[in-house]
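*Asks:* Prediction below, plus the sequence it came from.
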Amino acid sequence: MNGRSRSALDRAREYFVDRGSVNARGVVRPEIVDSWERSRNAGVDATRLALPYEPDLDFDGSLTHCARPVLDDLAERLSGMSVAVVLTDADGRVLERRVGEGELQRRLDEISLAPGFSYAEEFAGTNGVGTSLEGATPALVVGAEHFSERLQAFACAGAPVRGPDGALAGILDVTCLRAEANDLMRFLAQQAATDIEDVLRERGGAGVRRVMAAFRATCARARGPVLAVTEDIVMANRAARALPAGDQDQVTMRAIDVGTGARPWQERVLLADGPARLMITPVPTGRPVGVVIEVVPSRSNLRLAGREEPLHRVLPAPPAPARSSALPGAGPGLDRPLAGLAGDSRAWRAAARALRTAASAARSTVVLGEPGTGKAAAVRAVHGEMRPTARWVTVDGSDPEAAVVLAGYASEASASPQGSRSAATVAIRHAEALDAAGAGALTALLEEVPPTWWVVGLVTAERTPEHGQIGEVLAGFATSVLIDPLRRRPDDIPLLATALLARLAPARRAGCTPEAAALLAGARWPGNVTQLADVLRRALAARPAGDITPADLPGEFAVSGTRRRLTPLEAAERDLIVSALVEANGNRSQAAAALGIGRATLYRRLRAFGITDVGR
Ligand SMILES: Nc1ncnc2c1ncn2[C@@H]1O[C@H](COP(=O)(O)OP(=O)(O)OP(=O)(O)O)[C@@H](O)[C@H]1O
């Protein structure tokens, strides 16, 4: 590509952008003209880049997993060179990026060619990823062939990656600066795409075989309906085929959105014939290719009570044992924030109230909540406030010794005569992980528990397990308290960020700029406070002095395709939208109505602010 033909191409592109047609056909390749026309028809802005960003993509799905060894290998071969390798999904959204050298990384950040951003043609215009997707063929796009002015400095070669069934699974793209473009790029992209296809074929086949084996094993054992669902296949035994179509849909829907890291779980559903439990097993566990679902008619009468207080759920308690507490009792102001912990939201206060009430009466309590929500921290704080003279003991249900330790407490509880035992709070973390022996020891402890002991089972999930011995034991606890995830109490995030920064860097007095704080408040936080602490730890390392800014946060916090700072007005608008979504439990129509704007406007603003999943 010499200087003369490049400038002719530049002129041809400018003419097209101004007038909507090509004046010099021989200069521009026909497939590029087609792509320019598609870009223009999609309304792509030729001067600025505004790419949708989705922080919640499955960045660890089977495509990424299979591609990783190929990407690692390629990245090693290209290390030190100004070349990047990018993997996108079948919608052009970037899943992985490997960059050989630092300066190119900065340049790619500027154009948001980074995980979570979409390079589909309808947003980015003509480019290696989007144009390859459109034609489902390899595409090389160099310099001024890009529709967007912002991409002119680059050259990219995209090659489709197909799954074992022949369907498009994603795009493998090789990108470098325009001046360094060469034919090798096209070859590299195609070879890497073929290598990934080989791994997909090999692992995909094995995965589906495992799902079928698990399905057959469950059918052999189960008496009722069993289904197995993979991305492309639904298998059903005779009983499942006899279910009404609505029930079948309801059951198979449960297989959607099973992310990686999934473990077996249960759900209650109401089928045509009455309530049922679904026993759902991802296969293989942790990195599912599919799930096996067994439908069991429900006999349990354990139900979630109606929400008296909107953000605090209580399981209906069995008749409470007649107990009088010798410990500090419940007083007024029970829903004040917990001492020593950050949080002032309605949900946090409601949980504090419920825990204080349970602690003061020493009612056995199950505390539920996603990972890292602060269950242990809250129980410890309530213990300190309400039971300051009582002993504090913790047991971790995932510890192999947990059964032995719990059995020790059970025999201590039964050994001395009633009333003579000193008060204690026994907190069992990850109670759901207790094995049969642990569940047995916990049952024994509950049977012997003196009135001055508060037994608390912490469950890292929003529901108690409903099967197995541990499910039965937890169902026998007197009450339960849910600690809401951070995304349902965004008001707590700024307070938590301040408290965590003070804890992580006590000497530094670091804060967050309003823009960074707004980004933190709108994020989904699947790992909750633990994840927030981790992000802040990394941000502190990225900025050794001064306040944390959006640029110090990981890529998934970037806003609107760029890391630009929000104006104060935008930040306020964003906070308003986040609050409306939280109030509406993530229901976008309701949130739009509450804000007095149309749904389309809300969607546009959500996209602009990079808000994807608040309130749900
Ligand atoms: N409200 C809070 N204020 C200050 N720190 C908090 C708060 N909530 C949680 N943390 C901190 O966050 C971390 C995770 O909290 P914790 O261990 O209590 O979570 P958990 O819900 O019990 O987690 P898991 O279920 O994953 O075991 C801890 O370091 C804890 O001190």
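*Replies:* Good, I have the coordinates.
*Asks:* Contact partners for residue 462?
*Replies:* 368-370, 482 (CB atoms under 8 Å, 6 or more residues apart in numbering). Using the backbone N, CA and C atoms, a C-beta is placed for each residue, glycine as well.
*Asks:* and residue 140, how many residues sit next to it?
*Replies:* If you count neighbours by other CB atoms under 10 Å, residue 140 ends up with 22.
*Asks:* So it belongs to a helix, correct?
*Replies:* No. If the criterion is DSSP: H, G, I helix; E, B strand; the rest coil, then residue 140 is strand and not within a helix.
*Asks:* name the element the nearest residue to it once chain neighbours are set aside belongs to?
*Replies:* Computed as CB to CB, 6 or more residues apart in numbering, the closest residue to residue 140 that is not its neighbour in sequence is residue 157, at 4.6 Å. Using DSSP states H and E, residue 157 sits in strand 154-162.
*Asks:* Tell me the first helix or strand C-terminal of that strand.
*Replies:* Following strand 154-162 in sequence, per DSSP H and E, is strand 168-177.
*Asks:* That following strand: partners in the sheet, and parallel or antiparallel?
*Replies:* Sheet partners assigned to strand 168-177 using DSSP bridges are listed as strand 83-89 (antiparallel), strand 154-162 (antiparallel).
*Asks:* Following element in sequence after it, please.
*Replies:* helix 183-221.
*Asks:* between that following helix and strand 168-177, how big is the angle?
*Replies:* On the basis of axes from the mean of the first three to the mean of the last three CA atoms, to 10 degrees, helix 183-221 is oriented at 150 degrees to strand 168-177.
*Asks:* Work out the gap between helix 183-221 and the centre of the chain.
*Replies:* Distance of helix 183-221 from its chain centroid, counting by CA atoms, centre = their mean, to the nearest Å, is 24 Å.
*Asks:* one step back: by neighbour count, which of the contacts of residue 462 wins?
*Replies:* residue 482 leads these on contacts (other CB under 10 Å) with 26 neighbours.
*Asks:* Check that residue and give its pLDDT.
*Replies:* With respect to pLDDT, residue 482 scores 93.
*Asks:* Does it touch residue 368 like I think?
*Replies:* Yes. Counting by CB atoms under 8 Å, residue 482 does reach residue 368; the two are 4.8 Å apart.
*Asks:* picking up where we left off before, taking the contacts of residue 462, tell me the two that lie furthest apart.
*Replies:* Greatest spatial distance in the contacts of residue 462: 370 and 482, 9.8 Å, computed using CB to CB.
*Asks:* How about the chain: which residue is closest to the ligand?
*Replies:* Taking CB to the nearest ligand atom, the ligand has its nearest neighbour within the chain at residue 374, 2.5 Å off.
*Asks:* Tell me the secondary structure at the nearest residue to that residue once chain neighbours are set aside.
*Replies:* Among residues not flanking residue 374 along the chain, residue 529 sits closest, at 5.2 Å (CB to CB, 6+ apart). Assigned by three-state DSSP, the conformation of residue 529 is helix.
*Asks:* ok, now residue 493?
*Replies:* helix.
*Asks:* what does residue 112 give?
*Replies:* For residue 112, the assignment made with three-state DSSP gives coil.
*Asks:* What is the neighbour count of it?
*Replies:* Neighbours of residue 112 using other CB under 10 Å come to 25.
*Asks:* Confirm for me that it is in contact with residue 52.
*Replies:* No. In this structure residue 112 lies outside contact range of residue 52 using CB under 8 Å: 9.9 Å.
*Asks:* wait, isn't residue 358 in contact with residue 480?
*Replies:* No. Residue 358 is beyond contact range of residue 480, at 9.1 Å (criterion: CB under 8 Å).
*Asks:* what do those two both touch?
*Replies:* residue 365.
*Asks:* residue ranges of the helices in the stretch 1-150 of the chain, please?
*Replies:* 3-19, 30-41, 62-78, 102-110, 121-124, 128-135 (DSSP state H, counting those that start in this stretch).
*Asks:* Just name whatever secondary elements the fourth one is in contact with.
*Replies:* Same thing as helix 102-110. strand 83-89, strand 94-99, strand 168-177 (3 or more CB pairs under 8 Å, 6 or more residues apart in numbering; DSSP states H and E).
*Asks:* can you do 10 Å?
*Replies:* Contacts defined by 3 or more CB pairs under 10 Å, 6 or more residues apart in numbering; DSSP states H and E place helix 102-110 against strand 83-89, strand 94-99, strand 154-162, strand 168-177.
*Asks:* So which residues on the stretch 251-400 of the chain come close to the ligand?
*Replies:* When proximity is defined as CB under 6 Å from any ligand atom, the stretch 251-400 of the chain approaches the ligand at 341-343, 369, 371-377.
*Asks:* now for the residues you listed, which pair is the farthest apart?
*Replies:* 342 and 371 (18.0 Å).
*Asks:* what residues does the stretch 501-616 of the chain put near the ligand?
*Replies:* 529-530, 533.
*Asks:* if you set the cut-off to 5 Å instead, what comes out?
*Replies:* The stretch 501-616 of the chain comes close to the ligand at residues 529-530, as judged by CB under 5 Å from any ligand atom.
*Asks:* how about the strands in the stretch 501-616 of the chain?
*Replies:* Read by DSSP state E, counting those that start in this stretch, the stretch 501-616 of the chain holds no strands at all.
*Asks:* which residues of it score low on pLDDT?
*Replies:* Within the stretch 501-616 of the chain, the stretches with pLDDT under 70 are 555-576, 579, 582, 610-616.
*Asks:* what about the helices in it?
*Replies:* Under the criterion DSSP H, counting those that start in this stretch, the stretch 501-616 of the chain contains helices at 514-522, 528-542, 568-583, 588-595, 599-609.
*Asks:* I'd like those helices as CSV, with mean neighbour count appended.
*Replies:* CSV is the format used below for the helices of the stretch 501-616 of the chain (neighbours: other CB atoms under 10 Å):
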stretch, mean neighbour count
helix 514-522, 23
helix 528-542, 18
helix 568-583, 18
helix 588-595, 17
helix 599-609, 16
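*Asks:* and of these, who's closest to residue 11?
*Replies:* Each of the helices of the stretch 501-616 of the chain has some distance to residue 11 by CB to CB; the shortest is helix 599-609, at 33.4 Å.
*Asks:* That closest one - contacts with which helices or strands?
*Replies:* So helix 599-609, by 3+ CB pairs under 10 Å, 6+ apart, packs with helix 514-522, helix 568-583, helix 588-595.
*Asks:* Now with 8 Å, please.
*Replies:* helix 568-583, helix 588-595.
*Asks:* Now do the same contact list for the residue nearest to residue 140.
*Replies:* Contact analysis of residue 157 by CB under 8 Å, 6+ apart lists 128, 138-141, 173-175, 185-186, 188-189.
*Asks:* Can you add mean pLDDT and distance to the ligand and give the strands paired with strand 168-177 back as JSON lines?
*Replies:* Below are those laid out as JSON lines (pLDDT from 0 to 100; distance: least, CB to the nearest ligand atom, whole Å):
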{"stretch": "strand 83-89", "mean pLDDT": "94", "distance to the ligand": "29"}
{"stretch": "strand 154-162", "mean pLDDT": "96", "distance to the ligand": "35"}
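*Asks:* I'd like these as TSV, with distance to residue 364 appended.
*Replies:* TSV is the format used below for those (distance: least, CB to CB, whole Å):
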stretch	distance to residue 364
strand 83-89	46
strand 154-162	53
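*Asks:* Compare these and give me the one nearest residue 253.
*Replies:* Residue 253 sits nearest to strand 83-89 of all the strands paired with strand 168-177, at 21.6 Å, using CB to CB.
*Asks:* what comes into contact with the closest one?
*Replies:* Strand 83-89 is contacted from outside by 57, 61, 63-64, 67, 71, 74-75, 78, 94-100, 104-105, 108, 113, 119, 129, 133, 161, 169-176, 180, 185, 188, 192, 196, using CB under 8 Å, 6+ apart.
*Asks:* With that, I have no additional questions.
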